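Q: Here's my sequence, what's the structure:
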Amino acid sequence: MVKAAAAGVVDFKEFNPHSITSWTRLKIVLNQIDRESHLRVLDMQHRQQLSMLSHPDMTKDSLDNSWKIASELIDDTTDVLFPWRSKDDNDSQQKSVHAQLREAWVSAWGDPKDPKVAAKIKATADWLRRTDQSRQAGTR
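A: Predicted coordinates:
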């Protein structure tokens, strides 16, 4: 979100935290920024491959050294573009975090698969939608 605000893509003075439209637009913008950042890293990796392949007289040691330096640059760039990603993160840790979050949700609010809980969630969502629409229309 900081990147989006700094780039002037999202103006948080105009952002309405009660508007689904504002949140949807923010999600679309952030996804696009993420994609563009990912493409920058892929472009760097592609250039790295081309650079290594364009020097046929490199020795194994010089190739390994160049590859190591270029890989470190890509890793550093990835860290800048995606600061929320930890180098230590892996899929099993993420799944564990998601499982813990789901367990906490179920513990606090009930299992969404339970029809009674699902009905409460739907009622809350409907109420929020109505409230949001009335705010956007200026009736609240």
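Q: okay, CA-based contacts and neighbour counts for the rest of this
A: Noted.
Q: List the buried residues for the one helix or strand in the chain whose mean pLDDT sits lowest?
A: Every helix and strand of the chain was ranked by mean pLDDT, DSSP states H and E. The lowest is helix 2-6, at a mean of 72. Neighbour counts over helix 2-6 (16 or more other C-alpha atoms under 10 Å) mark residue 4 as buried.
Q: Over to stretch 34-52?
A: Of the residues in stretch 34-52, 37, 40-41, 44-45, 48, 52 count as buried by neighbour count, 16+ other C-alpha under 10 Å.
Q: wait, which of those is closest to residue 112?
A: Taking C-alpha to C-alpha as the measure, residue 112 lies nearest residue 37 of these, at 34.9 Å.
Q: Count the residues that sit near the nearest residue to the closest one once chain neighbours are set aside.
A: Nearest in space to residue 37, with sequence neighbours left out and distances taken as C-alpha to C-alpha, 6 or more residues apart in numbering, is residue 81 at 6.0 Å. Look at residue 81: counted by other C-alpha atoms under 10 Å, it has 18 neighbours.
Q: Would you quantify the distance from residue 81 to residue 24?
A: When distance is defined by C-alpha to C-alpha, to the nearest Å, residue 81 is 22 Å away from residue 24.
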